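Chemist: Turn this into a model:
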Amino acid sequence: MSKKIKEKFEVIEGETIDACLDRIKAAGYFPVRRTEEPIFAERIENGKVHYVPVNRKIVYEAKLIE
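Modeler: So this is what the prediction gives:
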């Protein structure tokens, strides 16, 4: 079975960006796009709800090396 032309790779918790890029290369892909999504937590202060960024999710879109 052949590999997909495009694949998404997420930086796993505790993994560095360089390690993720090495994992992409080892799988036979090269990164073409990087997206970041903030992760928020609800905090209640003085009876009001505030959303505070606590982390981020980094996802690379990669294409198959031909």
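Chemist: And the helices in this structure?
Modeler: 17-26 (DSSP state H).
Chemist: May I have stretch 55-66 as CSV, with CA atoms only?
Modeler: Extracted C-alpha coordinates of stretch 55-66, given in CSV (Å, rounded to 0.1, in the frame of the first residue of the first chain):
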residue,chain,number,x,y,z
ASN,A,55,-0.4,26.0,26.0
ARG,A,56,-0.3,25.7,22.2
LYS,A,57,-0.8,22.9,19.7
ILE,A,58,1.6,22.8,16.7
VAL,A,59,0.7,20.9,13.6
TYR,A,60,2.8,20.5,10.5
GLU,A,61,1.3,19.6,7.2
ALA,A,62,3.8,17.6,5.1
LYS,A,63,4.1,16.3,1.6
LEU,A,64,5.5,13.0,0.5
ILE,A,65,9.1,13.2,-0.9
GLU,A,66,9.0,11.9,-4.5
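Chemist: what's it in contact with?
Modeler: If you take Cβ atoms under 8 Å, 6 or more residues apart in numbering as the criterion, stretch 55-66 is touched by 3-11, 17, 20-21, 24, 27-39. Where you see a C-beta, it was placed from the backbone N, CA and C, and this is true even at glycine.
Chemist: which of the residues you listed count as buried?
Modeler: Burial by neighbour count, 16 or more other Cβ atoms under 10 Å: within the contacts of stretch 55-66 this picks out 9, 11, 20-21, 24, 29.
Chemist: which regions of this protein lie under the pLDDT threshold?
Modeler: Within the chain, the stretches with pLDDT under 70 are 1.
Chemist: residues near Leu64, how many?
Modeler: Leu64 has 14 neighbours, counted by other Cβ atoms under 10 Å.
Chemist: for Ala62, that is, sorry about that
Modeler: Using other Cβ under 10 Å: Ala62 sits among 23 other residues.
Chemist: partner residues bridging the nearest residue to it once chain neighbours are set aside?
Modeler: The spatial neighbour of Ala62 that comes closest, neighbours along the chain excluded (Cβ to Cβ, 6 or more residues apart in numbering), is Tyr29 at 3.7 Å. Beta-bridge partners recorded for Tyr29 (DSSP bridges): Leu64.
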